[in-house]
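A.B. asks: One predicted model, sequence on top.
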Amino acid sequence: MELSIEELNKRFGTKSAVSNISVTLQPGVYGLLGANGAGKTTLMRMVCNILKPTSGRILYDGEDINRLEDNYRNLLGYLPQDFGYYPDFTAKEYLEFIAAVKGLEGKKAKKNVAQVLETVNLSDVAAKKIRTFSGGMKQRLGIAQAVINNPKILVLDEPTAGLDPKERMRFRNLIAELAKDKIVILSTHIVSDIDYIADDILMMKGGCLILNCPTEEAIHSMDGKVWECRLHQAQIDKMSERFRIVNLHHEAGNEVSLRIVSDTQPISGAVNVVPTLDDIYLYHFEDEEVRRDER
Ligand SMILES: Nc1ncnc2c1ncn2[C@@H]1O[C@H](COP(=O)(O)OP(=O)(O)OP(=O)(O)O)[C@@H](O)[C@H]1O
């Protein structure tokens, strides 16, 4: 199974939201990272064939997705950012409704509804109205509707927005479990959402794909660029003007320990440390709003 995105462009008037993206996806979890407005949603909507590209094409196993029509839709599961649910439906009613929309009927629909409720751990509350659900429960219901047809391609747009740390962890485990034999694309601007579960990192900036490689490789690309040092409180302002500070921790006696991303040693005495995904994000998005780990 292969999804090939070829020279994909999307313009809104004069605004280029997605610029010339080419990437081939195979089963695995792809973490789509980028700041707000980077073009993640636009790319995902094109992958789901909801939005037509200005130019370029997307092929599923060599066939243009436009030609596959309903067959392609049946392969897809999509959790949009603004996932709309019906507050007066129970979880079960809602999933039965989605199953019908997706063309599942009778016993098959019943079986799949029960199965996905189990998978997302909502069986106990299947008969409760969605309006009584917490944010995390609603997001899990969102995942359930996306996977009800056992899709080959699962597209999740900012699926952890509004979740508390415990829900985020549960969510990560759920995705890892669901990802088998699927192409999963998960967009986020929160690095920790994809830490551990993304096999590959796709990083977007200003509509362009600026990084496309296995997560391990992306992390190793930062080898020798992440530093730690201890400084006096009074030196911090100067350092933060000159360098990208990933982390800052106040120690005893007016000392501060700093984690810095820099191509060269920022200050004598600074030592190289093992990089993380957070460091990569900051390295590439120094000029933009940085929303890192919200654990
Ligand atoms: N329908 C539209 N009309 C005009 N401009 C649009 C439209 N949709 C998106 N854009 C613009 O395209 C750019 C990319 O938007 P997109 O929503 O894809 O980014 P994103 O990375 O998903 O950001 P976010 O995390 O905020 O959702 C933004 O500048 C946005 O304002």
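C.D. replies: Yep, it's here. Everything quoted here is computed from the prediction, not taken from an experiment. Numbers count the residues shown, from 1 in each chain.

A.B. asks: Show me which residues of this structure sit near the ligand.
C.D. replies: 12, 15, 17, 34, 36, 37, 38, 39, 40, 41, 42, 189 (Cβ under 6 Å from any ligand atom). Placement of C-beta: from N, CA and C, glycine included.

A.B. asks: quick one: what helix or strand has the third one in it?
C.D. replies: Secondary structure assigned from DSSP states H and E places residue 17 in strand 15-25.

A.B. asks: for that strand, which positions count as buried?
C.D. replies: 16, 17, 18, 19, 21, 25 (16 or more other Cβ atoms under 10 Å).

A.B. asks: likewise stretch 2-12?
C.D. replies: Quick answer for stretch 2-12 (16+ other Cβ under 10 Å): 3, 4, 5, 6, 8, 9, 10.

A.B. asks: Quick check: the third one is in a strand.
C.D. replies: What it means is residue 5. Yes - according to DSSP: H, G, I helix; E, B strand; the rest coil, residue 5 belongs to a strand.

A.B. asks: Work out the gap between whichever strand or helix holds residue 118 and the centre of the chain.
C.D. replies: Applying DSSP H and E as the criterion places residue 118 in helix 106-119. How far helix 106-119 lies from its chain's middle: 26 Å, per Cα atoms, centre = their mean, to the nearest Å.

A.B. asks: Likewise for stretch 159-175?
C.D. replies: With Cα atoms, centre = their mean, you get 11 Å for stretch 159-175.

A.B. asks: hmm, back to that, can I get the buried residues of stretch 2-12 in TSV including pLDDT?
C.D. replies: As requested, the buried residues of stretch 2-12 are exported to TSV (pLDDT from 0 to 100):
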residue	pLDDT
3	97
4	98
5	98
6	98
8	98
9	98
10	98
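
A.B. asks: ok, those residues vs the ligand, which is closest?
C.D. replies: residue 10 (7.8 Å; Cβ to the nearest ligand atom).

A.B. asks: Any buried residues in stretch 63-81, and which?
C.D. replies: Residues of stretch 63-81 classed as buried: 65, 68, 72, 73, 75, 76, 77, 78, 79, 80 (neighbour count, 16+ other Cβ under 10 Å).

A.B. asks: Of all those, the one with the weakest confidence?
C.D. replies: Within the set of these, pLDDT is lowest for residue 73 (89).

A.B. asks: does it really touch residue 50, like I thought?
C.D. replies: No - applying Cβ atoms under 8 Å, one finds residue 73 not in contact with residue 50, separated by 10.0 Å.

A.B. asks: what sits up against the helix holding residue 118?
C.D. replies: 91-92, 95-96, 99-100, 104, 123, 126, 144-145, 147-150, 174, 177-178 (Cβ atoms under 8 Å, 6 or more residues apart in numbering).

A.B. asks: Which among those count as buried?
C.D. replies: 91-92, 95-96, 99, 104, 126, 144-145, 147-150, 174, 178.

A.B. asks: which of those lies closest to residue 239?
C.D. replies: residue 174 (40.3 Å; Cβ to Cβ).

A.B. asks: now stretch 8-24: how far from the chain's centre is it?
C.D. replies: The answer for stretch 8-24 is 19 Å, by Cα atoms, centre = their mean.
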